[in-house]
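> sequence? don't have it. structure:
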């Protein structure tokens, strides 16, 4: 009934997200066209809620641009992405498309953007938007289209623009909600819910319901457009837990406020306390009035203030939600906390179907209900309420990429800036979540102090509160070595570590213990484990060892490597990509150690590999002296180095070669023959082994190391 009323006053019907592989190409073209028009008109209708021009040009909050930016931003996004994809050759307005390209969305609460912008007028942006609309419709009508629609299809770029605009439909509605109420006005096509309990004593009491444990696999499997962080997979074995039947209501949250929850330091972690003190928060941000006078409190909706609906969900940031959980855990003696992404998914699996299949939405979601929240006991979904819809639900899970994650090249900064441990997942969607946001597979995250139309439910669970995530490795040297040891081949030069191990295997029949000293991120150690009973990987750098250990645990290591200027490539490696098995990793142990301060070993080595090590040691002669007694008779010492002697690593008096001695040139190989002659014999002539290290997309180090092989007498 509500949907019919909304349609009669001009709001488009609730969305059905485009499937990628159904029907014919021409049917799909028409679906995309209709979806684009519906999204475009829906977004523009949101700005009908602005009653004063100041609402366009004054910031609702200091962390984001004013709404005039977002009014034009979604249109410029299409042009900028189509240009990047090479699908168009001209811009519509290069000045607008530069100014409105990038939003200010990922900032700490005390960051300030004090820049002053010469924003376009609303009228000029309406003209610009109309031009973009006409151009996009022309592209949709003429673009080559085959099914299924994939990442490389022109249609994918159009869908990217559509889903991007639907994201900003929601984020812009939050900004409207944070403007002075006198600058906005209610609209009949954005109706707020008229169901509410204004007496706290009549609000239903929340309760905890048991949930069976399960194995849940995260990762997109449906036939719809998805953002890059949705792809790949991650399997979780979840123990039985309990979850609150309903979202936390304003009434339930008020008990926390009433008992001094915002004043008591014990309920807030360091991040939460910092935000609370900076914001001087004493109650949720959308509450209007004084917490000391609860009967006078109001709730700020998108375009109006209404008497407090105590049975609607409390809308808070993640820091407030986590503080409430700590308070409730202390009161109940139970492990009350926010759910993980996987625990939420177990609940979500109880709700049949997904947005493209809904004839009637199962909750207050997809704009099928109201333009506001509604009572927490209105939409039953099995034994629970609001598993999807009403408001987003904060989790304790920081967002990261799944195994197999790849960055989409046209939007390389959509996900990866949030993979920093500071952005927590929100799940389930809100009343205004449409398109991709309303899908089971959607994955969105915000900084924990940010406000969306978001609340929470709590769980009683044995999971440990997640405080970090595996971010992209930005340490330049570690990232470079990951790429060098596990990345792609360049200029047809074979993998350096694999080449050295092949040479080692061809020159020794002793296959007991091996030492890879200066192992970096461990590739040669893992390769040696194909042939030796046990391998020790040793490096001076704890960072290198940490990465090697992570790889050996089966984790994916992600890293950033420069492309050009400030542009970067996002990469991921796993041992399975290098065809290295768990059986091999089980034969490798990694330790931090100093090659110039080696400890005596109880067991001797059959092979010691020192690759690119000698010319990086402060005392290379001491290393050679100390390593000799650690190799069994008949064992092999392999030394590979480009002999790039530099005083920043080795003082000149400790260089082995590359200088003059008594006026005569002394090469490193000559010095090695002198130093090793008493305990080793050189078993073949030195040979050159090339390797390539990438610095940027178009700059590489092409180096030739000299390899020498020494048999212990």
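Good, I have the coordinates. On a predicted model such as this, the values are computed, not experimentally measured, just so you know.
> All the helices of the stretch 151-300 of the chain, in order from the start?
Under the criterion DSSP state H, counting those that start in this stretch, the stretch 151-300 of the chain contains helices at 154-177, 250-258, 270-279.
> Turn these into CSV, including mean pLDDT, mean neighbour count and distance to residue 290.
All C-beta atoms are positioned from the backbone trio N, CA, C, and that covers glycine. As requested, these are exported to CSV (pLDDT from 0 to 100; neighbours: other Cβ atoms under 10 Å; distance: least, Cβ to Cβ, whole Å):
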stretch, mean pLDDT, mean neighbour count, distance to residue 290
helix 154-177, 97, 22, 20
helix 250-258, 98, 22, 11
helix 270-279, 94, 15, 16
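> would a markdown table of those with distance to residue 517 be doable?
Below are the helices of the stretch 151-300 of the chain laid out as a markdown table (distance: least, Cβ to Cβ, whole Å):
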| stretch | distance to residue 517 |
| --- | --- |
| helix 154-177 | 48 |
| helix 250-258 | 56 |
| helix 270-279 | 40 |
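> Indicate which one of these is closest to residue 431.
helix 154-177 (9.4 Å; Cβ to Cβ).
> So, low pLDDT: which residues of the stretch 301-450 of the chain?
Scanning the stretch 301-450 of the chain with the threshold set as pLDDT under 70 gives no residue ranges.
> can you do 80?
Along the stretch 301-450 of the chain, the parts satisfying pLDDT under 80 run over 412-413, 417, 420.
> picking that back up, quick one, which of the helices of the stretch 151-300 of the chain is nearest to residue 289?
That would be helix 250-258 among these, by Cβ to Cβ, at 11.8 Å.
> list the helices and strands that closest one packs on?
For helix 250-258, the packing partners by 3 or more Cβ pairs under 8 Å, 6 or more residues apart in numbering; DSSP states H and E come out as helix 318-332.
> which residues touch the helix it packs on?
Residues from elsewhere that reach helix 318-332 (Cβ atoms under 8 Å, 6 or more residues apart in numbering): 248, 253, 256, 259, 261-262, 264, 266-269, 271-272, 275-276, 281, 284, 316, 335-338, 394, 396, 424, 446, 448-449, 454-456, 458, 465.
> In strands, which of those residues fall?
By the criterion of DSSP state E, membership of the contacts of helix 318-332 in strands covers 336, 337, 394, 396, 424, 446, 454, 455.
> Taking the residues you listed, tell me the two that lie furthest apart.
Largest separation among the ones in strands among the contacts of helix 318-332 by Cβ to Cβ: 336 and 446, giving 22.3 Å.
> buried subset of the contacts of helix 318-332?
The neighbour count (16 or more other Cβ atoms under 10 Å) marks 248, 253, 256, 261-262, 267-268, 271-272, 275-276, 281, 284, 316, 335-338, 394, 396, 424, 446, 448-449, 454-456, 458 as buried among the contacts of helix 318-332.
> which stretches of the stretch 401-550 of the chain form helices?
Assigned helices in the stretch 401-550 of the chain, in chain order: 476-486, 496-506, 523-528, 542-552 (criterion: DSSP H, counting those that start in this stretch).
> And those: which comes nearest residue 588?
With Cβ to Cβ, the closest approach to residue 588 among the helices of the stretch 401-550 of the chain belongs to helix 523-528: 5.1 Å.
> hang on, the earlier thing: most tightly packed of the helices of the stretch 401-550 of the chain?
Most buried of these, by mean neighbour count (mean count of other Cβ atoms under 10 Å): helix 523-528, with a mean of 29.
> Report the secondary structure state of residue 690.
Classification of residue 690 by DSSP: H, G, I helix; E, B strand; the rest coil places it in strand.
> nearest residue to residue 626 other than its sequence neighbours?
Excluding the flanking residues, the one nearest residue 626 by Cβ to Cβ, 6 or more residues apart in numbering is residue 598, at 4.5 Å.
> ditto for residue 511
Per Cβ to Cβ, 6+ apart, closest to residue 511 is residue 532, 5.2 Å.
> Would you mind confirming that residue 681 is in contact with residue 673?
No: if you go by Cβ atoms under 8 Å, residue 681 and residue 673 don't touch, sitting 10.1 Å apart.
> So for the two, which sits in the more crowded spot?
Neighbour count, other Cβ atoms under 10 Å: between residue 681 and residue 673, residue 673 has more, with 14 against 11.
> what separates that one from residue 685, distance-wise?
12 Å (Cβ to Cβ, to the nearest Å).
> do the same with residue 694
For residue 694, the distance to residue 685 - Cβ to Cβ - is 30 Å.
> quick one: which of these two has more around it?
The neighbour count for residue 694 versus residue 685, taken as other Cβ under 10 Å, is higher for residue 694 (19 against 8).
> Where does the more buried one fall, secondary structure wise?
Using DSSP states H and E, residue 694 maps to strand 687-696.
> and that strand with helix 496-506, angle?
160 degrees (axes from the mean of the first three to the mean of the last three Cα atoms, to 10 degrees).
> Pull out the buried residues from strand 687-696.
Buried positions in strand 687-696, judged by neighbour count with 16+ other Cβ under 10 Å: 689, 691, 692, 693, 694.
> ok, now which ones touch residue 594?
Shown in contact with residue 594 (Cβ under 8 Å, 6+ apart): residue 540.
> And for residue 219, the neighbour number?
The tally of other residues near residue 219 (other Cβ under 10 Å) stands at 17.
> Check residue 290 too.
Neighbours around residue 290, by other Cβ under 10 Å: 11.
> Make TSV out of the helices of the stretch 401-550 of the chain and add distance to residue 15 and mean pLDDT.
Formatted as TSV, the helices of the stretch 401-550 of the chain follow (distance: least, Cβ to Cβ, whole Å; pLDDT from 0 to 100):
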stretch	distance to residue 15	mean pLDDT
helix 476-486	40	92
helix 496-506	51	97
helix 523-528	48	98
helix 542-552	41	90
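> so which of the ones you listed comes closest to residue 385?
With Cβ to Cβ as the measure, helix 542-552 is the member of those nearest residue 385 (40.3 Å).
> Show me the contact partners of that closest one.
470, 473, 475, 478, 481-482, 519-522, 525-526, 537, 539, 557, 573-575, 585, 588, 590-592.
> So which bits of the helix or strand following that helix are buried?
Next in sequence after helix 542-552, counting helices and strands by DSSP H and E, comes strand 557-564. Applying a neighbour-count criterion of 16+ other Cβ under 10 Å, one finds 557, 558, 559, 560, 561, 562 buried in strand 557-564.
> Could you list every helix and strand that strand 557-564 packs against?
Counting contacts by 3+ Cβ pairs under 8 Å, 6+ apart, strand 557-564 packs against helix 476-486, helix 542-552, strand 567-573, strand 687-696.
> partner strands of the third one, parallel or antiparallel?
Paired strands of strand 567-573, with direction, are strand 557-564 (antiparallel) (DSSP bridges).
> Sketch out the low-pLDDT regions of the stretch 451-600 of the chain for me.
In the stretch 451-600 of the chain (pLDDT under 80), the answer is 464-475.
> quick revisit: wait, which of the helices and strands packed on strand 557-564 is closest to residue 344?
Across those, residue 344 has its closest neighbour in strand 567-573 (24.9 Å, Cβ to Cβ).
> got the buried residues for that closest one?
Applying a neighbour-count criterion of 16+ other Cβ under 10 Å, the buried positions in strand 567-573 are 568, 569, 570, 571, 572, 573.
> how close does the second one get to residue 562?
Yep, that's residue 569 we're talking about. Distance of residue 569 to residue 562, computed by Cβ to Cβ: 8 Å.
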